[in-house]
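>>> quick one, what's the 3D model for this:
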Amino acid sequence: MAVLVAAMETLLTPWNALEQYRYSYCNVASHSHQHLVQGHTSCLDSDTDNDHDLHDELLQTQRLSLGLKNYGCSHYRRRCRIRAPCCDEIFDCRHCHNDVKNVNEPVPSKRHEMPRHLVERVICSLCNHEQDVRQVCENCGVCMGEYFCSICKFFDDETKKQQYHCDSCGICRIGGRDNFFHCDRCGCCYSVALQNGHPCVEKSMHQNCPVCFEYLFDSVKDITVLQCGHTMHLDCLREMHSHAQYCCPLCSKSVCDMSSVWEQIDREIASTQMPESHINKRVWILCNDCGSTNEVMFHIVGHKCTSCRSYNTRLTRGAPNVTSSSS
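Sure thing, here's the model as predicted:
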């Protein structure tokens, strides 16, 4: 019998939001009716006022949350669409607009992107009412986005992204305000882990990714900061690594710790014998990592920088002219 009771309790416990609302409302109604029957005139007015306030509050909460995470597109969960100020057409978000009007537009002269800050009209996804930009629909009272930025005209129901608006960037970012800081020289928000030691590059985020050429500043993809201070998409960096490319496409510096690779090249050079005609040949090299120039012994495998011990070097000229240098 105890097992049967426990099973029944388990089945009855998980109420949904509507059942919870009905239960609360029925308690409010029965409470007021009890006062009327018993003639408790001393507390009837104040209690019924509180009951009505609770009822209105429950209705408001239920109305605001209608359709939560049931609407939107592949980019955002939201309960509204936007009218593009540039072409006066309706889209789920600016990325949907840009995919249609820029990426997939066959005529170059017609390609354009939506200016997010100029959006003035939104359409509620539940009642299709068009209105000025606001968080709550003026017609049906639904919240069109749990996160709302009136500056960026941005709506999103997935608040676990920890969205926040950066005044210095001028746009909304994700990840939590406490987890990022804005670097004025780089012109972007970086993780607080980089605050005391990241290499600054002027406006490093205000450029295209050197691999895929997508503009980085407002990209929705993950971006990484290289050791040299340049930036690129994290997926693009991984693609480079899959093709054994470990140098920054912009400055040619190593993008990660290559010490284990340099040790491997040391062993390969030690085991590779050069022909007699090249044994005493010396060349000048430029190190891409530290920027120094060195004169080193020529070897077909690689040339090691004598300053930082890196093999990320390039030949600048052959052996010096001994006759001219000694005269």
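>>> which residues are in contact with Cys228?
With contacts defined as C-beta atoms under 8 Å, 6 or more residues apart in numbering, the neighbours of Cys228 are Pro199, Val201, Cys248, Leu250, Cys251, Lys253, Val255. For the C-beta atoms, the positions are set from N, CA and C on the backbone; glycine is no exception.
>>> distance of the closest residue in space to it that isn't next to it in sequence relative to Val296?
Counting by C-beta to C-beta, 6 or more residues apart in numbering, the nearest residue to Cys228 once its immediate chain neighbours are dropped is Lys253, at 4.2 Å. According to C-beta to C-beta, to the nearest Å, Lys253 stands 19 Å off from Val296.
>>> what about those two, which has more around it?
Using other C-beta atoms under 10 Å as the criterion, Lys253 and Val296 rank with Lys253 on top: 21 against 16.
>>> the more buried one reaches Asn288, doesn't it?
Yes: between Lys253 and Asn288 there is a contact at 5.7 Å, judged by C-beta atoms under 8 Å.
>>> between the two, what contacts are shared?
Residues touching both Lys253 and Asn288 (C-beta under 8 Å, 6+ apart) are Cys247, Asn312.
>>> contacts only, for the nearest residue to Gln207 once chain neighbours are set aside.
By the measure of C-beta to C-beta, 6+ apart, the closest residue to Gln207 outside its immediate chain neighbours is Leu216, 6.2 Å from it. By C-beta under 8 Å, 6+ apart, the contact list for Leu216 reads Met205, His206, Gln207, Asn208, Cys209, Ile223, Thr231, Met232, His233.
>>> for this structure, what are the low-confidence residue spans?
Applying pLDDT under 70 to the predicted model, the residue ranges of the chain that meet it are 1-53, 55-56, 318-327.
>>> so what are the domain limits for it?
Per automatic domain parsing, the structural domains of the chain span 80-161, 175-242, 259-319.
>>> can I get those domains in TSV with distance to Gly67?
Below are these laid out as TSV (distance: least, C-beta to C-beta, whole Å):
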stretch	distance to Gly67
domain 80-161	5
domain 175-242	23
domain 259-319	53
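>>> run a quick neighbour tally on the residue lying closest to Ile300 once chain neighbours are set aside.
Nearest residue to Ile300, sequence neighbours excluded (C-beta to C-beta, 6+ apart): Met274, at 6.8 Å. Other residues lying near Met274 total 15 when counted by other C-beta under 10 Å.
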